[in-house]
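1. I need the structure of the sequence given here:
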Amino acid sequence: MAKDRDQVTQFWHNLEVELSEPILIYSVGRCYDLPGRERSALWGIFFLTPSAFFFMHFAQASWFSILMNQSQRFRRHKLTLRISRNSLLGIRQEQRAGLWRRLWGRDMPAVWVEYLDEEGKSRSLRFTLEKDRENFLSLLDTRNLFRR
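-> Residues are numbered from 1 along each chain as shown. Below you'll find the model as predicted:
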């Protein structure tokens, strides 16, 4: 178990070195409606740095198996999306589901991020977070863009 923890720590350290900035927070979740992708949900890791919001999808493997396997597999990640935090236009959260849906449903309400892409076009991204949702969203919303 300690070895697995060390590998996870090494993964995040290597990613910080690669990005040349610290990772403030990360979470696992699903990303919908990625630019240039079909409308299927992709599981992956979301994380924030001081300058950007990232989504990383691991092709043909679950996020858990990637994080728990040998460190050489960490290099097989595919950085799917990077959004500059300066290009964020708005953040909103879907309304909480009714009582029955919350009791029987597993999904957290989706979050929508509106942003400008590299060409200056307005885009939106829908995603759900499975871990540290409130902390992640509060760190993402440093410019008070959140709307409910």
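2. where does the prediction get shaky in this protein?
-> Applying pLDDT under 70 to the chain flags residues 1, 36-39, 59-77, 79, 96-107, 148.
3. in the strand or helix carrying Val113, what counts as buried?
-> Per DSSP states H and E, Val113 falls inside strand 111-116. If you call a residue buried by 16 or more other Cβ atoms under 10 Å, then strand 111-116 has these buried ones: Val111, Trp112, Val113, Glu114, Tyr115. The way it works is simple: take the backbone N, C-alpha and C, and place the C-beta from them, glycine included.
4. now swap in stretch 2-16 and tell me
-> Gln7, Phe11, Trp12, Leu15.
5. tell me the secondary structure of the third one, please.
-> The local conformation at Trp12, judged by DSSP: H, G, I helix; E, B strand; the rest coil, is helix.
6. next up, the contacts around it.
-> Neighbour list for Trp12: Ile23, Tyr26 [criterion: Cβ atoms under 8 Å, 6 or more residues apart in numbering].
7. phi first, then psi, for the residue lying closest to Asn86 once chain neighbours are set aside.
-> Leaving out its chain neighbours, the residue that sits closest to Asn86 by Cβ to Cβ, 6 or more residues apart in numbering is Ser51, at 7.8 Å. With angles defined as degrees, to the nearest 10, Ser51 sits at phi -110, psi -10.
8. in a helix, Val8, correct?
-> Yes. The assignment for Val8 is a helix, going by three-state DSSP.
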